[in-house]
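1. give me a 3D structure for the following:
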Amino acid sequence: MELFPRITNGNPVLVLSRLQLRDLNLDHVGEEQKRQIQQLYLTYNSFSLFPTSICLLSNLEHLDLSNNYLTAMPEDITRLANLKTLVAKNNHLDETSFPKHFGTMHIESLNFSGNRFREIPRQFLKLSRLLSLSLGGNRLKSIPAEIENLNRLEMLYLGGNMVSSIPPELANLRCLRYLVLCDNCIQSIPPQLSRLHSLLSLSLHNNLLTFLPREILSLVHLQELSLRGNPLVVRFVKDMTYDPPSLLELAGRTIKSRNLPYLPSDLPANLCHYLDMASKCPNPKCAGVYFDSCVRHIKFVDFCGKFRLPLMHYLCSPECSSPCNSNPQSDAESEEENSVPADRLQRSEGADL
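-> Numbers count the residues shown, from 1 in each chain. Alright, predicted model coming up:
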């Protein structure tokens, strides 16, 4: 049986999977046939080294090397000028496995899930045409702020790692449509994520979230939200401490709430700046403001008619009650952990991922 069957113009795909290959010799493959090959599948073989003969396929667009034993990518891979999709799931690759100039390639989709990455390689962050990045099931502990450089990214899959926080810079990925951060150790969501106006799907299940920022309500195009497997309870609110306002804050509150006029010539510059940083209490029945001293308060809020979300709010004093509530019976007193049905933390009709 011929190992390299003739590739017709209508089917430029070569599948050499599950053949226990350790090397790939293309010396006996004609130049015309090499030029025809656009997709190459070498999955479930025994490659421990990247077959450099692949780099002779000048028109290759899709390469899948999943389920092998690869530990590195050679410098020659940068010769694949037309490569758009590179898949190498379930190998032994890590952040040191890539050549210096890997970031100059025109790759649009990378999938290195199930490898040994402890951090996202800096070369990946230079792939200016990247649309999809999958690094699920690795050993990542953080997301670098430079992720914002991937300004065309539409899908980011980082599920199944050890990520503990989300950098605010991720919110600069304005084209992002699918964000998967499930099965990590994330404790909070930065409010800046509300700027991801293209986001359609957000997977946060199986993390350590106890609340969400109220800014998440700005994600009006969101169609899927997965929160299962998170604490998402309000019992911890009882343990929140309220630090009484300082004399400086009390004076500032008096000036702002009574609209007392002041000019830069009246006060030192640092006090003018401090007064300008006042935040208005969200309670419409309260005309108060706060600076550094505030009360954290959680309310369950309807979102797009599909979700009940525990959102964090900041009030000017313990006596203030939160107005950010679409249901008068969802006050904190009635929303204790034991009284919140599990299905209220998920999408209606079981649509939660």
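2. kindly check the end-to-end length of stretch 112-131 for me.
-> Stretch 112-131 has an end-to-end distance of 14 Å (criterion: CA to CA, to the nearest Å).
3. which positions in that stretch come out as buried?
-> 112-115, 117, 119-121, 123-127, 130-131 (16 or more other CB atoms under 10 Å). Quick note: C-beta positions are derived from backbone N, CA and C, even for glycine.
4. list the buried residues of stretch 97-114.
-> Going by 16+ other CB under 10 Å, stretch 97-114 has these buried residues: 97-99, 102-103, 105, 107-114.
5. same check on stretch 79-87?
-> Counting neighbours by 16+ other CB under 10 Å, one finds that the buried residues in stretch 79-87 are 79-80, 83-87.
6. can you lay out the residues you listed as CSV showing secondary structure and pLDDT?
-> Supplementary listing: the buried residues of stretch 79-87 in CSV, determined by DSSP: H, G, I helix; E, B strand; the rest coil; pLDDT from 0 to 100:
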residue, secondary structure, pLDDT
R79, helix, 96
L80, coil, 97
L83, coil, 98
K84, coil, 98
T85, strand, 98
L86, strand, 98
V87, strand, 98
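7. got the residues you listed as CSV, with distance to N283 columns?
-> Listed next are the buried residues of stretch 79-87 as CSV, based on distance: CB to CB, whole Å:
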residue, distance to N283
R79, 63
L80, 60
L83, 57
K84, 53
T85, 52
L86, 53
V87, 52
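8. so where do the strands sit in the stretch 201-350 of the chain?
-> 201-203, 212-213, 224-226, 279-280, 289-290, 295-303, 307-315 (DSSP state E, counting those that start in this stretch).
9. direction included, what does the second one pair against?
-> Paired neighbours of strand 212-213 in the sheet (DSSP bridges): strand 307-315 (parallel).
10. per-residue confidence averaged over the strand it pairs with?
-> Strand 307-315 shows a mean pLDDT of 59.
11. P264: what's it in contact with?
-> Neighbour list for P264: C272 [criterion: CB atoms under 8 Å, 6 or more residues apart in numbering].
12. gap between the two ends of stretch 152-164?
-> 25 Å.
13. start at 36, not 1
-> Sure thing, new numbering starts at 36, so read that last one as stretch 187-199.
14. return the set of buried residues in that stretch.
-> Quick answer for stretch 187-199 (16+ other CB under 10 Å): 188-196, 198.
15. lowest mean pLDDT across the strands of the stretch 236-385 of the chain, which one is that?
-> strand 330-338 (a mean of 55).
16. that older thread, just the buried residues of stretch 132-149 now: which is nearest N103?
-> Nearest to N103 out of those is G149 (CB to CB; 11.4 Å).
17. looks like the closest one contacts S169 (just checking).
-> No: G149 is not in contact with S169 according to CB atoms under 8 Å; the separation is 9.7 Å.
18. list residues touching both of these two?
-> By CB under 8 Å, 6+ apart, no residue touches both G149 and S169.
19. give me the buried positions along stretch 68-80.
-> Those buried within stretch 68-80 under the rule 16+ other CB under 10 Å are 68-69, 71-78, 80.
20. reformat the residues you listed as a markdown table; add secondary structure and distance to A304.
-> Output for these, formatted as a markdown table (DSSP: H, G, I helix; E, B strand; the rest coil; distance: CB to CB, whole Å):
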| residue | secondary structure | distance to A304 |
| --- | --- | --- |
| Q68 | helix | 74 |
| K69 | helix | 70 |
| Q71 | helix | 70 |
| I72 | coil | 68 |
| Q73 | coil | 64 |
| Q74 | strand | 64 |
| L75 | strand | 65 |
| Y76 | strand | 65 |
| L77 | coil | 65 |
| T78 | coil | 64 |
| N80 | coil | 68 |
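21. what's the closest of those to I178?
-> Comparing these against I178 with CB to CB picks out T78 as the nearest, at 28.2 Å.
22. report the contact partners of I224.
-> 201, 239, 244, 247-248, 251.
23. now do P179
-> 154-155, 157, 160, 202.
24. and the furthest pair within those residues?
-> R157 and P202, at 14.9 Å, using CB to CB across the contacts of P179.
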